[in-house]
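>>> My questions concern the predicted model and sequence given below.
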Amino acid sequence: MSRAEVRWVLIASAIVLLFASVPTLYAWRLTDAEHVFTGFVYNNEDGNAYIGKMQLGAQGEWLFRLFYTAEEHQPAMAFLLHILMGKLAAGTGLSLVLVYHLARVGFGLVLLLSIYVFFARFTPDVTARRLAWALTALGSGVGWLLVVLGQSDWLGAMPLDFWVPEAFVFLVLYNLPHLALAEALLLWSLMWMLDSFEQKRLGPSCRAGLAAASMTLIVPFYAGVLAAALGAYLLALSIRRRRIPWLMVGQTALVGAFVAPIVAYNSWVFTANPAFRQWTAQNTILSPHPLHNILGYLPLLIPAVPGAVLALRDRDLKWLLPLAWLLVVPLLLYVPFNLQRRMIAGVQIPLALLAARGLLRWARGSSHTRRLGLAAWVAVAALSNVLLVSGSLVEVNRRATPIFRPAAEVAAMDWLGDQSKPSDTVLSAFETGNLIPARTGIRVFIGHGPETLYFEEKQEAVKRLFTTATDDAWRQELLAQYGIAYVFYGPAERALGGWDPAGAPYLAPVYERQGYTIYQVKRP
């Protein structure tokens, strides 16, 4: 890579990251005395959960515990990156949300640079590298067309382009710093393994193992993606050479030795710990209909077909890696596994590499015409992301909930955070409970789909609690059963039913301001 290339990718990365950050920056700009920006313009439910995990680190904890559920349980080592980010925020005095977005931009830059280096590992053609990078950094599918045609819920799901962050790099840059860093480490693991295979040395394998272990600490299921990509590559290589490359198998096993203890620990935690086992059971993330995957990658799939043919004819056997990775993913997406959708992680990268090769084979005419044609293809591939950013800007401009929350509600939460202990449990409506841990670090009865144990039962219990016809004895039993310390009462709670907690003798109002009341549960 020349200095000019490095300069180009740095400038291009800054432009992409700025584009991905425009709605967030605009939302911060619109914060005023009545509206508080919660920190996320996309996927607020999970975003607040990540800030809550950072709260654990900021409070001095090293182990993760579920704070969206009332059940007592043993904590475990998980979400270590978020906990470390929380400690960084506490040490620097910066807000948790600001540190999160600084990490999003910083790790996003690391990912974009790593992608370019990965492409440079395969082709010396600068145009091919830049084209593949642009298709990865900005590319998506034709989900925009489904939206235009009024088919946003086609085949029972939104278009892949708008809701599966593992599938598209831009969605990672938009909101998920931990996925950005994990995906960069995945690429470096693969590149160092290629070095190890070519040099017949164990040193690069050890570097790959360290990168893979760090990746697995951040996102454990990425270990499965790495194993599948390397396993498929070794299988393809064995078929091409008509013999098993035992040295390469041994080098791959060395990487596995770095990762295996972390995978084993996670497997033990999520099966032996009752709370984490229940979380796993209800955290089902299945792949959408196969046609959604096809449409989600259509602008890349079409030119990737001739690119794959060229790669198969290439004498450089390292081209088997993107091919094998690409071919094994459809199998991973539909294995009987509750996180099957997430196994699509990173596949856009080998697909874009092959697509760039195919597009350059098709490109004809003068250099100017050729550049316009390639730019037009990238623009079409980026339309869903343009629609995503535009839609976010519209929602930000109208200060929509949950992007913004009333300042009075946030003030009530902050007061609660100052007056209570992290071990206290707060009962509220789901929408309120989703934000409370992010603002205060306090445990809530309900607030997150997968991370609230027995979510459906608790959701019904909250509705019943605020229903006028419910017996007070049942309410008291519920509050005592789960050790509820506070009941948060605002507009979201009023919308659940006509019951007014002010008349309950077992509740004492401790905060009352601008339509928000916090009740402390009286103990016998």
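That came in fine, so what should we check first?
>>> from here on, contacts and neighbour counts on C-alpha atoms
OK.
>>> In contact with the closest residue in space to Gly515 that isn't next to it in sequence, which residues?
Closest residue to Gly515 apart from its sequence neighbours, by C-alpha to C-alpha, 6 or more residues apart in numbering: Gly490 at 6.2 Å. Applying C-alpha atoms under 8 Å, 6 or more residues apart in numbering to Gly490 gives the contacts Glu409, Gly515, Tyr516, Thr517.
>>> Among those residues, name the buried ones.
Neighbour-count burial (16 or more other C-alpha atoms under 10 Å) is assigned, among these, to Glu409, Tyr516, Thr517.
>>> So which of those sit within helices?
Glu409 (DSSP state H).
>>> ok, so what distance separates the closest residue to Val521 other than its chain neighbours from Pro491?
Nearest residue to Val521, sequence neighbours excluded (C-alpha to C-alpha, 6+ apart): Leu507, at 4.8 Å. Remark: distance between Leu507 and Pro491 (C-alpha to C-alpha, to the nearest Å) = 18 Å.
>>> and those two? which has more neighbours close in?
Shown here are Leu507 and Pro491; by other C-alpha atoms under 10 Å, Leu507 has more neighbours (19 against 12).
>>> the domain parsing of the chain - what is it?
Taking automatic domain parsing as the reference, the chain has its domains at 3-30+95-393, 404-521.
>>> Rounded mean pLDDT for the longest one, please.
Right, the one you point to is domain 3-30+95-393. Summarised as a single mean, pLDDT over domain 3-30+95-393 is 95.
>>> how far does it stretch from start to finish?
36 Å.
>>> Measure how buried Val386 is and give me the count.
By other C-alpha under 10 Å, 18 other residues sit near Val386.
>>> Same question for the strand or helix carrying it: list its buried residues.
Using DSSP states H and E, Val386 sits within helix 383-397. Across helix 383-397, burial judged by 16+ other C-alpha under 10 Å covers Leu383, Ser384, Asn385, Val386, Leu388, Val389, Ser392, Leu393, Glu395, Val396.
>>> quick one: the strands in this protein?
35-37, 404-406, 425-427, 443-444, 484-489, 507-513, 516-521 (DSSP state E).
>>> Reformat those strands as JSON lines; add mean pLDDT and distance to Arg240.
Shown next, in JSON lines, are the strands of the chain (pLDDT from 0 to 100; distance: least, C-alpha to C-alpha, whole Å):
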{"stretch": "strand 35-37", "mean pLDDT": "96", "distance to Arg240": "56"}
{"stretch": "strand 404-406", "mean pLDDT": "97", "distance to Arg240": "56"}
{"stretch": "strand 425-427", "mean pLDDT": "98", "distance to Arg240": "60"}
{"stretch": "strand 443-444", "mean pLDDT": "98", "distance to Arg240": "56"}
{"stretch": "strand 484-489", "mean pLDDT": "98", "distance to Arg240": "63"}
{"stretch": "strand 507-513", "mean pLDDT": "97", "distance to Arg240": "72"}
{"stretch": "strand 516-521", "mean pLDDT": "98", "distance to Arg240": "69"}
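>>> right, so of the ones you listed, which gets closest to Ser205?
In terms of C-alpha to C-alpha, the element of those nearest to Ser205 is strand 443-444, at 42.7 Å.
>>> Partner strands of that closest one and their direction?
Paired neighbours of strand 443-444 in the sheet (DSSP bridges): strand 425-427 (parallel).
>>> Contacts for the partner strand, please.
With contacts defined as C-alpha under 8 Å, 6+ apart, strand 425-427 is touched by 70, 433, 442-446, 483-488.
>>> got a winner among the residues you listed for most neighbours?
Val444 (32 neighbours).
>>> beta partners of that residue?
As for beta bridges, Val444 partners with Val426 under DSSP bridges.
>>> Now Val410: closest residue in space that isn't a chain neighbour?
In this structure, Val410 finds its nearest non-sequential neighbour in Val36, 7.5 Å apart by C-alpha to C-alpha, 6+ apart.
>>> what sits opposite the one you found in the beta ladder?
On the basis of DSSP bridges, Val36 is bridged to Arg405.
>>> What backbone torsions are found at the residue positioned nearest the centre of the chain?
Residue closest to the average C-alpha location in the chain (C-alpha atoms, centre = their mean): Leu176, at 4.7 Å. Backbone torsions of Leu176, given as degrees, to the nearest 10, read phi -130, psi 90.
>>> Tell me the spacing between it and Ala12.
Distance of Leu176 to Ala12, given as C-alpha to C-alpha: 20 Å.
>>> What separation do you get for the residue lying closest to Ala134 once chain neighbours are set aside and Val169?
Closest residue to Ala134 apart from its sequence neighbours, by C-alpha to C-alpha, 6+ apart: Val378 at 6.9 Å. Distance from Val378 to Val169, counting by C-alpha to C-alpha: 14 Å.
>>> Pick out whichever of the two has more residues nearby.
Between Val378 and Val169, Val169 has the larger neighbour count (other C-alpha under 10 Å), namely 28 against 22.
>>> Excluding sequence neighbours, find me the nearest residue to the more buried one.
Ala137 (5.9 Å).
>>> thinking the one you found is in contact with Ala14, fair?
No. With contact defined as C-alpha atoms under 8 Å, Ala137 does not reach Ala14; the gap is 11.3 Å.
>>> Looking at the two, which is more packed in?
Ala137 (28 against 16).
>>> Contacts only, for the more buried one.
Neighbour list for Ala137: Val16, Leu112, Val169, Phe170 [criterion: C-alpha under 8 Å, 6+ apart].
>>> which residues touch the third one?
Translated: Val169. Counted by C-alpha under 8 Å, 6+ apart, Val169 has contacts Thr136, Ala137, Leu138, Ala180, Gly346, Gln348.
>>> Nearest to Asn293 among those?
Distances from Asn293 to these, taken by C-alpha to C-alpha, are shortest for Gln348, at 11.2 Å.
>>> That closest one contacts Ala167, correct?
Yes. Counting by C-alpha under 8 Å, Ala167 is a contact partner of Gln348 at 6.6 Å.
>>> about what we covered before: please determine how far the residue nearest to the centre of the chain is located from Gly106.
Applying C-alpha to C-alpha to Leu176 and Gly106 gives a distance of 11 Å.
>>> what's the answer for Lys463, then?
Taking C-alpha to C-alpha, one finds Lys463 at 42 Å from Gly106.
>>> how far away is the residue nearest to Gly515 from Ala128?
Gly490 is 56 Å from Ala128, by C-alpha to C-alpha.
>>> how close does the spatially closest residue to Val329 that is not a sequence neighbour sit to Met248?
Closest residue in space to Val329, ignoring its immediate chain neighbours: Ile344 at 6.3 Å, by C-alpha to C-alpha, 6+ apart. In this view, Ile344 and Met248 are 25 Å apart by C-alpha to C-alpha.
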